[in-house]
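*Asks:* just coords:
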């Protein structure tokens, strides 16, 4: 496994270096502007997942809580934009831009968001495929998801006082909360799969986005918003506000929102992105892992052979 990033990195930096039409300076520029190969992106995202799995419980808890609170600004910004626009079919095209705010704060602020980890933290498990990694993944998921949801509920409570915002803004908040709770459960799961797919794809694209990271975040989360695809953390603020404001009950939150959305987002992130992005690279990663194991075994075999020879000589 340790050889994979080096080999990929070497392929990336070799881009343009064999061209007869470029001098040394131009060859260096070509290498710097080359797009990372898929295995480079895989290793960058996997290493991020490794760091997440090694984080202490307290660090995951506080970072997850911050992410849940930050995601509340998606609902608030969307409600402000919605309340200032006429009730026309094209309003969704404009107010959906507000939904991106919470994601921008969370992702660029490096806060722990559950739906990001459906890709990052799963890749180490797909590479190692052992019980210890699985248990570490479940531990991290449990802490981050709980912290995210607590943060969203706290934010919903903070913005729930009746006269905190103007009437149109409050009406937009209530309408958005009721909307996330409506619709058949089957359709909700399917839409949540698409949302999880888009968010995990965004995470996959970020290592190669470089200076366009903000654009990638805004573009893909805008699609989630304009299509009204349910996101388990952003939507939790909306559903929690509906409960706290008296327009829904806890059963609605759990059964009409949380469980179907969580299931769909997880399937979208893990099955459709992590598998599809990991599977084409799995043979190469396996070869590198086997080669690395053989290289590590050689010194041990030499030491064992030396010890055996010494024992024979003493005899």
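*Replies:* Everything's here; your move. Being a predicted model, the structure only gives us computed values, none of them experimental.

*Asks:* which stretches of the protein have low pLDDT?
*Replies:* Within the chain, the ranges that satisfy pLDDT under 70 run 1-34, 285-315.

*Asks:* So which residue is dead centre in it?
*Replies:* residue 116 (1.4 Å; CA atoms, centre = their mean).

*Asks:* Name the next helix or strand downstream of the helix or strand containing it, please.
*Replies:* Element membership for residue 116, per DSSP states H and E: helix 114-120. Per DSSP H and E, the first helix or strand lying C-terminal to helix 114-120 is helix 122-128.

*Asks:* After that following helix, which helix or strand is next?
*Replies:* Beyond helix 122-128 toward the C-terminal end (DSSP H and E), the next one is helix 131-158.

*Asks:* For the helix or strand following that next one, list every residue counted as buried.
*Replies:* Going down the chain from helix 131-158, the next helix or strand is helix 167-181, by DSSP H and E. Within helix 167-181, the residues scored as buried using 16 or more other CB atoms under 10 Å are 169-170, 172-174, 176-178, 180-181. From N, CA and C alone the C-beta is placed, and that goes for glycine too.

*Asks:* ditto for stretch 110-121
*Replies:* Within stretch 110-121, judged by 16+ other CB under 10 Å, the buried ones are 111-121.

*Asks:* how long is it end to end?
*Replies:* Start and end residues of stretch 110-121 are separated by 15 Å (CA to CA, to the nearest Å).

*Asks:* tell me how far that stretch is from the chain's mean position?
*Replies:* 4 Å (CA atoms, centre = their mean, to the nearest Å).

*Asks:* want to throw the buried residues of stretch 110-121 into a markdown table with distance to residue 276?
*Replies:* Below are the buried residues of stretch 110-121 laid out as a markdown table (distance: CB to CB, whole Å):
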| residue | distance to residue 276 |
| --- | --- |
| 111 | 26 |
| 112 | 24 |
| 113 | 21 |
| 114 | 20 |
| 115 | 17 |
| 116 | 17 |
| 117 | 17 |
| 118 | 13 |
| 119 | 11 |
| 120 | 15 |
| 121 | 17 |
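
*Asks:* what sits up against stretch 217-230?
*Replies:* 74, 78, 92-93, 96-100, 103-104, 107-108, 179-180, 188, 191-192, 194-195, 198-199, 201-202, 205-206, 231, 257, 260-261, 264-265 (CB atoms under 8 Å, 6 or more residues apart in numbering).

*Asks:* All good on my end, thank you.
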